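*Asks:* Fold the following for me, if possible:
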Amino acid sequence: MSTSPTISFIGAGNMASAIIGGMLDNGYKAGDIWVSAPDDGHLQSIRKHFGVSVTTDNRYCAQQADMVVLAVKPQVMADVCRDIAPVVQNTRPLMVSIAAGLTADTLDEWLGGGLPLVRVMPNTPSLVGKGAAGLFANKEVKDAQKKMVESVFESIGSALWVDEENQLHGVTALSGSGPAYFFLMLEALEEAAADAGIASDTARALAIQTMAGAAEMAARSDQDPGQLKRNVMSPGGTTEQAINTFEDGGMRDLVRKAYNAAFKRSEEMAKELAGKQ
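*Replies:* Residues are numbered from 1 along each chain as shown. Model (predicted):
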């Protein structure tokens, strides 16, 4: 591996673009990045915007790299992997998949076997540099390669490792689906405030800033969420009444049920996808 690794993206969708943009913002050189996709017009837009190298040839793109990011849809991953397998078996780059549901063993088999491979589960806030990604490495991945993957995904948020691949289902249910949970809370707060006579745009702005501020406080504090919650509450006050209403309504149990439903569906989708390949 070179001092300045070359990183190739096979696939040029929104997530690939978000990662590339984050990398460039954090000091990566455009000259060390390659992108491949079937649509040359789209590739030329990416080249113009980011200054990276582009090609419609997946094999050529993979051949340039110390690290290959597989950023295509799961439904076409088998064909893409089998196509580049002769190249990556020769060059032995670190392979990184951001596709949901496809196991490391399945991907490695399609790629010819024996390659260092990391699975990453990013989420949509990565598009604004506030992502939360779960990472799993197979036994072939070296420490230096893990650091390289961390550096890439920390450029668009946080990157945290899990010890067992099955734990990525839990990551999916937490940070993968999680943004929608908070959007639901924003939606509900906006509606409640509108019912109380606050203009919807004002309610939305206040709710968004409140959520962002609470998240920042949680990130900076060494206190657990329970204590942070209690810090806002005064005996007999407005916050205590609201929290008691949430608790009496079974909010904790509902959140647990929602999380478990997402977890189960992630497992089901992985099995369905494996059966289609």
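
*Asks:* quick one: secondary structure of residue 197?
*Replies:* coil (DSSP: H, G, I helix; E, B strand; the rest coil).

*Asks:* For the nearest residue to residue 263 once chain neighbours are set aside, give its distance to residue 259.
*Replies:* Using C-beta to C-beta, 6 or more residues apart in numbering and skipping residues adjacent in sequence, the residue nearest residue 263 is residue 173, 4.1 Å away. The C-beta positions use only the backbone N, C-alpha and C, and glycine is treated the same way. Applying C-beta to C-beta, to the nearest Å, the value for residue 173 to residue 259 is 5 Å.

*Asks:* For those two, indicate the residue with more neighbours.
*Replies:* residue 173 (21 against 16; other C-beta atoms under 10 Å).

*Asks:* need the contact list for the more buried one.
*Replies:* Residue 173 makes contacts with 259, 260, 262, 263, 266, as judged by C-beta atoms under 8 Å, 6 or more residues apart in numbering.

*Asks:* Quick one: mean pLDDT over the strand or helix carrying residue 211.
*Replies:* For residue 211, the host element (DSSP states H and E) is helix 200-220. Mean pLDDT, helix 200-220: 96.

*Asks:* Likewise for stretch 38-48?
*Replies:* 96.

*Asks:* Could I get the buried residue list for it?
*Replies:* 43, 46, 47 (16 or more other C-beta atoms under 10 Å).

*Asks:* Looking at these, which one is closest to residue 25?
*Replies:* Distance to residue 25 across the buried residues of stretch 38-48 (C-beta to C-beta) is lowest for residue 46, with 15.6 Å.

*Asks:* May I have the secondary structure class of the closest one?
*Replies:* helix.

*Asks:* do residue 60 as well
*Replies:* helix.

*Asks:* Quick one: end-to-end distance for stretch 119-139.
*Replies:* Using C-alpha to C-alpha, to the nearest Å, the end-to-end distance of stretch 119-139 comes to 12 Å.

*Asks:* Figure out how far it is from the centre of its chain.
*Replies:* 3 Å (C-alpha atoms, centre = their mean, to the nearest Å).

*Asks:* tally of neighbours for residue 272?
*Replies:* 10.

*Asks:* excluding its backbone neighbours, what's nearest it?
*Replies:* Residue 272's closest residue in space is residue 101 (C-beta to C-beta, 6+ apart), at 8.0 Å.

*Asks:* and the one you found, how many neighbours?
*Replies:* Count around residue 101 with other C-beta under 10 Å applied: 21.

*Asks:* contacting residues for it?
*Replies:* 74, 266, 269, 270, 272, 273, 274.
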